[in-house]
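Student: structure of the sequence below:
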Amino acid sequence: MFSNNDSEIIEGFICPICKSDEKTAEDLLRHFEDEHSEEKDLISTFRDVFKSAKKKILNLDEKEFTKAIESSLSISKSIVRVDFKEPQNIGVLRDHFEYFKAIRNPRLERYATETNKLIIRLNKLLTNRPTDPQQIKQHEQNLVPWIDGKLVKLCPSCAKSFFFTRRQHHCRLCGSIMCNECSNFLSIDESMSIINPSHEVPQPESNTDVIIKEPEDTIRMCEHCLHLLETRKEMQDGRLARPFITKLYERIETLKKEVMPDIAMYEKIIKSLYKGDSIYTIADASALRGKIGSIAELLDDLSKKALTLKAQQGSREEALHKSLRMAAIKFIKEYMLELPQIPVEDEIKKIQHKRVMELNQKIERDRRLAQEAFEKYDLIGDASYPATSSKTGSALRTVDNWSGYQEQNQSNANDPLIIQINIVKGYIKQAREAMRFEEIESLEANLKELQHEYWLKTQQN
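Tutor: Below is the predicted model:
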């Protein structure tokens, strides 16, 4: 459209009266009817001009164009019209949410549908993508039809004319035409991350990496398609991204779950030491207590980080940060700081010596009772009673298994039981170094059984 001085050309959906650009045909018709409703003759003239121009641009028949105009007008009439210029009384509330949804929902559906189509086309372009540049171009043209360049004389983005120094280029997703300056390029890795959100884009090793890539490593597209894909990517990243306070909370909860079995095992070791058992040692208790202490320090540091996060004073975020800190402090006090102290080594030796004396007395008493029973019932020749008594005595004698069977003759070095006993002792040593105390308990039970079998074998011999 020419301006008044005929020296400037204005493009777009321009109102012939006020020269305002209304962006779309529907908005232009609505603007003309609302703002210039008094000019009846101009309205009819404008409609005739608009029909002829639309028919010439889109090569539509008169009937098809009339149907399109009627459908667009019916859609515009179906939208709830709200006169925002109407004065409102003080204290009166008016709900515009329905009007907002009537305008917003069709727009979102259109954008979502268009973006989904672009992602489907992008996936097809990347599937079985050849490596040769000529084959890549043919592959892209077969999937997305390109607009004929003879119909476009100007770049739609910058309105510059095409000639031999400004060549035409096509968008690989929608097939539209643009110049090289208006072209946008999306790398293959970024395209894969849009199709598959779990795909990780490799980060550049340094800031001096080459930004310009070869054509076979990128996909050319227009600004509109790139905007839709970037919007979808931002939405995906927003759903996958988590606040730092959430990561702190998950890390603290994981440490709590990991340390609880260690706390229970530490209390079990302390009880075992006070009972005089030799399954665990003071070194085991000391190593496990050190591990629990390091986890307590880590919990304290992580909870302190929550207080350093920025939050508005008196807000819910600040209250959340303080609650996380207080919960960590409470857990450390209740479960870690109140652990029983490691007993003194001399005290444990006295307890173990006392238990050995009690066991020896019990062994002697059982042996005396068994001898009296044999003499009373004249069952000395019966093999069942000696076997029973020897089994009981051996089980009691092998309680302190770390001091038993340590010295063996060279003639017994090839004995299968001796070999198995040494192997189990090696496993116990490795389990202690790794602080896998549950396995130590089961290995100690196996070692007792092997030592008992070896004792029976030596008694029979």
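Student: how near is Thr113 to Leu228?
Tutor: In this view, Thr113 and Leu228 are 11 Å apart by CB to CB, to the nearest Å. Glycine gets a C-beta too; all of them are placed from N, C-alpha and C.
Student: do the same with Gln312
Tutor: In terms of CB to CB, Gln312 sits 35 Å off from Leu228.
Student: next one: Lys247
Tutor: 31 Å.
Student: so these two - more neighbours on which side?
Tutor: Leu228 (21 against 11; other CB atoms under 10 Å).
Student: residues in contact with the more buried one?
Tutor: 111, 114-115, 118 (CB atoms under 8 Å, 6 or more residues apart in numbering).
Student: okay, and it sits in which element?
Tutor: Using DSSP states H and E, Leu228 sits within helix 223-240.
Student: go on, Ile219?
Tutor: Using DSSP H and E, Ile219 sits within strand 218-221.
Student: so how far is that strand off the chain centroid?
Tutor: 29 Å (CA atoms, centre = their mean, to the nearest Å).
Student: kindly report the same for stretch 288-299.
Tutor: Centroid displacement of stretch 288-299 relative to its chain, using CA atoms, centre = their mean, is 27 Å.
Student: could you list the buried residues of it?
Tutor: By 16 or more other CB atoms under 10 Å, the buried positions in stretch 288-299 come out as 288-289, 292, 295-296, 299.
Student: what is the nearest of the contacts of Leu228 to Glu453?
Tutor: The nearest member of these to Glu453, counting by CB to CB, is Thr115 at 73.9 Å.
Student: is it true that the closest one touches Glu230?
Tutor: No. Judged on CB atoms under 8 Å, Thr115 makes no contact with Glu230 at a distance of 10.2 Å.
Student: those two: who's more crowded?
Tutor: Neighbour tally, Thr115 and Glu230, criterion other CB under 10 Å: the higher count belongs to Thr115, 18 against 14.
Student: and the more buried one, helix, strand or coil?
Tutor: With DSSP: H, G, I helix; E, B strand; the rest coil as the basis, Thr115 sits in helix.
Student: apart from its chain neighbours, what residue comes closest to it?
Tutor: Nearest residue to Thr115 in three dimensions, chain neighbours excluded: Leu228, at 4.6 Å (CB to CB, 6 or more residues apart in numbering).
Student: quick one, domains of the chain?
Tutor: Listed by automatic domain parsing, the domain ranges of the chain are 1-78, 98-201+212-240, 244-336, 401-461.
Student: and the buried residues of stretch 288-299, which of them are in helices?
Tutor: Here DSSP state H is the test, and the buried residues of stretch 288-299 give 288-289, 292, 295-296, 299 as lying in helices.
Student: could you dump those into a markdown table and include distance to Glu234 and pLDDT?
Tutor: As requested, these are exported to a markdown table (distance: CB to CB, whole Å; pLDDT from 0 to 100):
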| residue | distance to Glu234 | pLDDT |
| --- | --- | --- |
| Leu288 | 48 | 88 |
| Arg289 | 49 | 89 |
| Ile292 | 44 | 91 |
| Ile295 | 38 | 92 |
| Ala296 | 41 | 92 |
| Leu299 | 35 | 92 |
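Student: farthest-apart pair in these, please.
Tutor: Spanning the widest gap among these are Leu288 and Leu299, at 16.7 Å by CB to CB.
Student: for the stretch 51-200 of the chain, give me the ranges with low pLDDT.
Tutor: Applying pLDDT under 70 to the stretch 51-200 of the chain flags the ranges 51-88, 200.
Student: can you pull out the helices in it?
Tutor: 62-78, 97-126, 133-143, 188-195 (DSSP state H, counting those that start in this stretch).
Student: quick check: buried residues in the last one?
Tutor: In this case it means helix 188-195. For helix 188-195, by 16+ other CB under 10 Å, it's 188, 190-194.
Student: now swap in stretch 418-434 and tell me
Tutor: By neighbour count on 16+ other CB under 10 Å, the buried set for stretch 418-434 is 418, 421, 424-425, 427-428, 431-432.
Student: and stretch 444-459, by the same measure?
Tutor: Buried positions in stretch 444-459, judged by neighbour count with 16+ other CB under 10 Å: 444, 447-448, 450-452, 454-455.
Student: now render these as a markdown table, adding secondary structure and distance to Ile270.
Tutor: Formatted as a markdown table, the buried residues of stretch 444-459 follow (DSSP: H, G, I helix; E, B strand; the rest coil; distance: CB to CB, whole Å):
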| residue | secondary structure | distance to Ile270 |
| --- | --- | --- |
| Glu444 | helix | 17 |
| Leu447 | helix | 22 |
| Lys448 | helix | 22 |
| Leu450 | helix | 28 |
| Gln451 | helix | 26 |
| His452 | helix | 28 |
| Tyr454 | helix | 31 |
| Trp455 | helix | 30 |
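Student: which single one of these is nearest to Ile363?
Tutor: Trp455 (12.9 Å).
Student: now do the helices in the stretch 201-350 of the chain.
Tutor: In the stretch 201-350 of the chain, the segments counted as helices under DSSP H, counting those that start in this stretch are 223-240, 244-275, 282-308, 316-331, 345-377.
Student: out of these, flag the one nearest Cys15.
Tutor: Cys15 sits nearest to helix 223-240 of all those, at 24.8 Å, using CB to CB.
Student: next, the angle helix 97-126 makes with the closest one.
Tutor: Here helix 223-240 runs at an angle of 100 degrees relative to helix 97-126 (axes from the mean of the first three to the mean of the last three CA atoms, to 10 degrees).
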